[in-house]
Structures are given as structure tokens and as C-alpha cells.
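Asker: give me the fold of what follows.
(chains A and B)
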There are 2 protein chains.
Amino acid sequence: MTQNIYDTEGFFAGYSRLPRSQGGLDAMPEWPNLRAMLPDLAGSRVVDLGCGFGWFSRWAREAGAARVLGLDVSQNMLARARAETADTAIAYERADLDRLDLPAASFDLAYSALTLHYLEHLDAMLATVHRALVPGGSLVFSAEHPIYTAPSTPHWVGEPGHRTWPLDDYLKEGPRSTDWLAKGVIKQHRTVATYLNLLIGLGFAIRCVEEWGPTAEHVAEHPEWADEVHRPAFLLVSALRS
Amino acid sequence: MTQNIYDTEGFFAGYSRLPRSQGGLDAMPEWPNLRAMLPDLAGSRVVDLGCGFGWFSRWAREAGAARVLGLDVSQNMLARARAETADTAIAYERADLDRLDLPAASFDLAYSALTLHYLEHLDAMLATVHRALVPGGSLVFSAEHPIYTAPSTPHWVGEPGHRTWPLDDYLKEGPRSTDWLAKGVIKQHRTVATYLNLLIGLGFAIRCVEEWGPTAEHVAEHPEWADEVHRPAFLLVSALRS
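Answerer: Sure, this is the predicted structure:
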């Protein structure tokens, strides 16, 4: 099964202190871009793949979803999601997304935020998602951008004001071990082409692709993000099950 | 109009000496990947956007195309293309692709190899191509990969055996001046997302995306390409006019 780093004590404590863990969707600078990719949720059935603390699951209900299934591998995340949710139309279940099972043609939207880059068996997971969507249903996801996950030494080089991102191994897909909040967090590096061709091969139509980095306004508000304009941190994709 | 660097004496002389200028399609290591993206050409009408010496235009005829229109801005290139072509079903015409005009619904395939990254008005050019294709027609192109065109200092860093590509300015679209065969060759940097979203916005369905770098077999044959495995040099896209 995929490494369940979120149930590691040190990692979870660190993760829980991140702005995006405390401030929810509005603390995710890429959220407005992801939100703009979403279909109308009125009356829809939504699956939230890697639901974490349930921020999106609850937002989807406020946006009109009829019911939401939030899935996560982390018991810690699910416990907090359940504690913060008082809505019987939202169900949280534990699931290893690398062995995902969903009923066919049962969702209008599959949503996933910053989760897919942890999965070893993305092809099988996306096939399950395709089958679980109704025709005309949408998949909207964010993942760490392949430019971000690729390098053997993923740290900025150079001085403030002129930093570069030392890209290598972009075309070498497979696991990357990084030290983020904890030692040895395993992510799966894939190219942009692989993400898109997997979707196309399953019969998804690509609707929109974004390579997200902060705007000048973001940097004015968060000077610590200044380097981030040089390479996209996140890949955002919207696709339609035809 | 777009910089016509190919009609600069020094550049053209250098370009003419490149393996891909002397050996044609088989000297382009990415050609098998591009070829695999092409539709069946039997009886088709083809436009070759940035036809250069006419290698692809002639190949398309051998592959069964009924007629081919090769367009290029360079008089030097067109002169050699005409000199090397004895086939009345191939027409070569001079055209500034930044001000492209083509008759509507008159082509089954639009092909372009390593040309689009020179264009300032890619959006208008792609709109013209979309209109010029019949429904069901294909656009297949290669361009310099955005990871390749982005950096302010596009030179490998480090020692042989562990080089990195100093990525910066990826999200800053616009002109890049590089010294390749001549000083001040102007290219237009765009992100992968921009290429794809332009196509999707026009009504193209993305069929396949490739980020091309040499395989282990290529490097065994060309040890001088060893660094090139670290970042894709070319972006290859196949799209369908629906």
C-alpha cells in the first residue's frame, strides 16, 4: 500500500500546523484556479479523493452537492474530518487510493487535491475513477507539478533575486524520496505527458491544464514565495468523461 | 513579421550543416515519435507549416498524400526545397506563419516541426489552422519544449555525469533571445499549459502529448546527448479538429 505518511506522528503534527491545514481552502493559493475548473455542483454526487480534513467535501455541500464521499488513507485526517463535519450527506471512509474501488457510474465529479503524486498505481486508480463517473462527469485534480517532483536535489540554487531550479531526471519516472515535514516522504514522479496521456487513453477529454505558480499579487502578500514564480509548483487538470 | 533568421547568411550556413539538415527525417531522433502521431495519409491534403527543405512534404507524398502545401518564411529554405522536389503535387509557398491565411476546410492534416516556438501570434495561427482543417482533421506538431525555452541562462550547470538544467522564468511567457548558430535568435516561450489550452479553446481534442528526450539507445549511439535525458528538448502534440 502507498506510504501512509500522514499517520506518522511527526509528519501529522507538522502538517497540521501548515497554513493550508488551519485556514482551509482559502489558505490554498491555487484554490481559486481549481474552483474555476469545477462544474456546477447543484444536486451532484461528488467523490473527494484524498479528502484530508474534509475542507473540500464540506465546501462541495455548500456549493449544492447532493452527497459527498470523502476518501483518505489517513486515520488522523479522517478523525479530524469527521469531528469537524455535521452533515449526514457527507460520508468519510478510509481507502487506499492505490487500491481504489468505487461503484460504476455513480459520481458526477471526482476531485483530488495534491494526492495523485503519492500513488504508485495511478493508471488503475484513474481507470476506476473513469468507470465511477457518469458520462459527462468531471475529474478535477491538482498534483505536485512534475518540474517540482523531478529533481534529484529539489532545492533552489543561487542567491535571492536570482534563483534557479536545478532540473534533472525529468524524464526518469518513479519514486522520489524527499524530506518534507518528515524524512523519507515518498512521491511518484511522472511527466506532464504521462498524466495527460493516461487520461486520454481512458477516454477522458482534457478540458483545461494549468501550471500554477504565484502571481505578483501573491508575492506582494507573501514575499517568501518570490522564488516560486520561476517554476510551477502544481499541475491542475480538468477532464471530462465522454 | 517574425524574425526570419533562416535567411541570415551565417545562420543558414550553420543550419545547413546540421545533421538534421543533411540527413532529413531519419536524422531527427524525435521523428519516429512524430510519425507515430500521424493519421493515415492516403489521399489526404496536407499543409506543412515551416516546411524548411521539404523533407516532410516529400515524405507525406510517399506516404500517400494527394497533395501537399509546404509553407516557409525563408527564401533560402524554399529555394532548396524546390530544387530537391520533382513532384507537381507538392507546392511550396512563402508565408509568414504569424500572418497565416489558408482556405477553410481544405486540409486533412496540418503538420509543423520545430516552428511554432518562433511565432509571436500563435493563437491567431492556430485559429487559422483549425478553420483550415476539415472536421476530423489532425494537427500534429513539435516545438521546443517550454522547459528548454524558459531559462534566462539556458546552459547546463555542473560536471559531466551530474548536470542540471537551471530552470527559471518558466511562468514568464514571452520572447527569449538566444545564441544558436547566430546571435540574437528570438524564440517565444510559452508554457505547456498555454499550448494545450489554446488548442482546447479552439475546439481541438488533445490526442497525445509527448515530452521528448533521448532514450538509452540514442545516448549509446550519441554519447554527446547524455545530458539531454534530464529535461525534454521537444514538446510533441497531436490534436483532432472535432
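Asker: residue A:7 and residue A:72: what is the separation?
Answerer: Shown here: residue A:7 relative to residue A:72, a distance of 10 Å by C-beta to C-beta, to the nearest Å. No exception for glycine: its C-beta is placed from N, CA and C like everyone else's.
Asker: who has more neighbours out of those two?
Answerer: Neighbour count, other C-beta atoms under 10 Å in any protein chain shown: between residue A:7 and residue A:72, residue A:72 has more, with 25 against 14.
Asker: wait, the more buried one sits on residue A:95?
Answerer: Yes: assessed by C-beta atoms under 8 Å, residue A:72 is found in contact with residue A:95 at 7.1 Å.
Asker: so what are the sheet partners of the longest strand seen in chain A and their directions?
Answerer: Counting by DSSP state E, the longest strand found in chain A is strand A:133-144. Applying DSSP bridges to the sheet, strand A:133-144 is found paired with strand A:107-113 (parallel), strand A:234-241 (antiparallel).
Asker: closest to residue A:220 out of those strands?
Answerer: With C-beta to C-beta as the measure, strand A:234-241 is the member of the strands paired with strand A:133-144 nearest residue A:220 (19.8 Å).
Asker: list the buried residues for the closest one?
Answerer: Residues of strand A:234-241 classed as buried: A:234, A:235, A:236, A:237, A:238, A:239, A:240, A:241 (neighbour count, 16 or more other C-beta atoms under 10 Å in any protein chain shown).
Asker: now those residues as JSON lines including pLDDT?
Answerer: Compiled in JSON lines, those are given as follows (pLDDT from 0 to 100):
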{"residue": "A:234", "pLDDT": "98"}
{"residue": "A:235", "pLDDT": "98"}
{"residue": "A:236", "pLDDT": "98"}
{"residue": "A:237", "pLDDT": "98"}
{"residue": "A:238", "pLDDT": "98"}
{"residue": "A:239", "pLDDT": "98"}
{"residue": "A:240", "pLDDT": "98"}
{"residue": "A:241", "pLDDT": "98"}
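Asker: return the residues of chain A in contact with chain B.
Answerer: A:147, A:151, A:153, A:157, A:162-172, A:191-193, A:196-197, A:200, A:205-211, A:213, A:229-232 (C-beta under 8 Å from any C-beta of the partner chain).
Asker: buried subset of these as a ChimeraX selection?
Answerer: A single ChimeraX command selects the buried members of the residues of chain A next to chain B (16+ other C-beta under 10 Å):
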select /A:147,151,157,163,164,165,166,167,168,169,170,171,191,192,193,196,197,200,206,207,208,209,210,211,213,229,230,231,232
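Asker: then stretch A:6-18 to CSV, C-alphas only?
Answerer: Output in CSV follows, covering the C-alpha atoms of stretch A:6-18 (Å, rounded to 0.1, in the frame of the first residue of the first chain):
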residue,chain,number,x,y,z
TYR,A,6,0.1,11.4,7.3
ASP,A,7,-0.3,8.8,10.1
THR,A,8,3.3,9.3,11.1
GLU,A,9,3.2,11.3,14.4
GLY,A,10,5.8,13.9,13.5
PHE,A,11,4.6,14.4,9.9
PHE,A,12,1.0,14.8,11.0
ALA,A,13,1.9,17.3,13.7
GLY,A,14,3.9,19.4,11.2
TYR,A,15,1.2,19.1,8.5
SER,A,16,-1.5,20.2,11.0
ARG,A,17,0.4,23.4,11.6
LEU,A,18,0.6,24.4,7.8
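Asker: who touches it?
Answerer: Stretch A:6-18 has contacts (C-beta atoms under 8 Å, 6 or more residues apart in numbering or on different chains) with A:5, A:21, A:22, A:72, A:73, A:74, A:75, A:76, A:77, A:181, A:182, A:185.
Asker: would you mark the buried spots in the worst-scoring helix or strand of chain A on mean pLDDT?
Answerer: Within chain A, no helix or strand scores below helix A:19-22, which has a mean of 81 by mean pLDDT, DSSP states H and E. Going by neighbour count (16+ other C-beta under 10 Å), the buried part of helix A:19-22 is A:20, A:21.
Asker: so can I have CSV of the strands paired with strand A:133-144 showing distance to residue B:136?
Answerer: Below are those laid out as CSV (distance: least, C-beta to C-beta, whole Å):
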stretch, distance to residue B:136
strand A:107-113, 29
strand A:234-241, 19
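Asker: what mean pLDDT does stretch A:132-146 have?
Answerer: Per-region confidence: stretch A:132-146 scores 98 on mean pLDDT.
Asker: and residue A:217, that's in a strand?
Answerer: No: per DSSP: H, G, I helix; E, B strand; the rest coil, residue A:217 lies outside any strand segment and is helix.
Asker: and the gap between it and residue B:19?
Answerer: For residue A:217, the distance to residue B:19 - C-beta to C-beta - is 47 Å.
Asker: please apply the same query to residue A:58.
Answerer: 59 Å.
Asker: quick check: closest non-adjacent residue to residue A:231.
Answerer: residue A:165 (4.5 Å; C-beta to C-beta, 6 or more residues apart in numbering or on different chains).
Asker: mind telling me what element residue A:57 is part of?
Answerer: Element membership for residue A:57 (DSSP states H and E) is helix A:55-62.
Asker: which other helices and strands contact that helix?
Answerer: Other elements packing on helix A:55-62 under the criterion 3 or more C-beta pairs under 8 Å, 6 or more residues apart in numbering or on different chains; DSSP states H and E are strand A:45-49, strand A:67-72, strand A:90-94, strand A:107-113.
Asker: mind doing that once more with 10 Å?
Answerer: Counting contacts by 3 or more C-beta pairs under 10 Å, 6 or more residues apart in numbering or on different chains; DSSP states H and E, helix A:55-62 packs against helix A:31-36, strand A:45-49, strand A:67-72, helix A:75-83, strand A:90-94, strand A:107-113.
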